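Enquirer: model this:
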Amino acid sequence: MKMTVGGRTVSYVLAYLFALVALYPIVLMIASSLKTNMEIFASPLSLPTTFSLDTYKKLWEVVPFADFLWNSVFVSTMSVLLITVFSAMAAFYLSRFSFKWTGGLYFFFIIGLMIPIKLGIVPLFLLMKNLGLLNSLWSLILIYTASGIPISVFILTGFFRTLPIELEEAARIDGCSHFQVFWRVLLPLIRPALATVIIINFIHAWNDFFFPLIFIQEEALKTIPVGMMVLFGEYETDWSLLFAGLTLSALPMIVVFLMASKQFMEGLTAGAVK
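Expert: Numbering: from 1, shown residues only. So this is what the prediction gives:
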């Protein structure tokens, strides 16, 4: 249905208002991180009168924020990498090969969406203890990988099934193996789905507070959510320092989303129209 000029104008105005409402807290957080505590209390909604990075320098000095940041980046990146690789291969198998156990295997992955992984915290703790992975970042990586694979397989399988079989047949005529069909032909065509999987799992791994709190005790191995709890506990009255920590905590997620936002939107809207 063709939209009128008035309807298009209203849509643009609403979109700009929504963008303003969504971006304002981020701008306010960044602006507050550049203020002193006196400025924050005197004019909390205004821009800083002077531009200074002293608060960020103080943040790196009073807490091991560099360690927190590196741990979160390492855990999130490795988790997303493992999830993407294993989920893509599993989804390719489930969508392109038909065996009597394929349906049961697909249902096995779907069950993972129905059972919250936190219900198994005691067995997981004992398992990591027996594997010698307590107080190790790899315990978090393995848990995030296991919890992220079901939803990722579900998303990628649906995308693989939308690709025409003729593409695969043409590649096989040209002499491609199963892996070459997967890697060179089909995988580049599901970039929107891969972007969706990457963003969903990166945000989950980056923001998780529960598992790092349980499995990590050493200060130098804590991730940002747990590290921010330490910051809020010891410096709860230093608001500029807290806003600086929040800004650095959110920055990687913002960068990841901006880099993959186009593919992410295509992934969300794929199949909406023919």
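Enquirer: isn't Ile151 right up against Ile200?
Expert: Yes: Ile151 is in contact with Ile200 according to C-beta atoms under 8 Å; the separation is 7.0 Å. C-betas here are computed from N, CA, C, even on glycine.
Enquirer: List the buried residues of the host helix or strand of Phe108.
Expert: Per DSSP states H and E: Phe108 is located in helix 102-114. For helix 102-114, the neighbour count (16 or more other C-beta atoms under 10 Å) marks Tyr106, Phe109, Gly112 as buried.
Enquirer: cool, stretch 24-41 as well?
Expert: Met29, Ile30, Ala31, Ser32, Ser33, Leu34, Lys35, Thr36, Glu39, Ile40.
Enquirer: Quick one: those as JSON lines, columns for pLDDT and secondary structure too.
Expert: Shown next, in JSON lines, are the buried residues of stretch 24-41 (pLDDT from 0 to 100; DSSP: H, G, I helix; E, B strand; the rest coil):
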{"residue": "Met29", "pLDDT": "89", "secondary structure": "helix"}
{"residue": "Ile30", "pLDDT": "87", "secondary structure": "helix"}
{"residue": "Ala31", "pLDDT": "88", "secondary structure": "helix"}
{"residue": "Ser32", "pLDDT": "87", "secondary structure": "helix"}
{"residue": "Ser33", "pLDDT": "86", "secondary structure": "helix"}
{"residue": "Leu34", "pLDDT": "86", "secondary structure": "coil"}
{"residue": "Lys35", "pLDDT": "85", "secondary structure": "coil"}
{"residue": "Thr36", "pLDDT": "82", "secondary structure": "coil"}
{"residue": "Glu39", "pLDDT": "84", "secondary structure": "helix"}
{"residue": "Ile40", "pLDDT": "82", "secondary structure": "helix"}
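Enquirer: After the helix or strand hosting Lys57, which helix or strand is next? Please name it.
Expert: In this assignment (DSSP H and E), Lys57 forms part of helix 54-62. Next along the chain after helix 54-62, taking DSSP H and E as the criterion, comes helix 65-96.
Enquirer: got the angle between that next one and helix 102-114?
Expert: 150 degrees (axes from the mean of the first three to the mean of the last three C-alpha atoms, to 10 degrees).
Enquirer: Report the buried residues of helix 65-96.
Expert: Across helix 65-96, burial judged by 16+ other C-beta under 10 Å covers 65, 67-69, 71-72, 75-80, 82-84, 86-96.
Enquirer: for it, what is the average pLDDT?
Expert: On average, the pLDDT along helix 65-96 is 93.
Enquirer: Kindly calculate the angle that it makes with helix 54-62.
Expert: 90 degrees.
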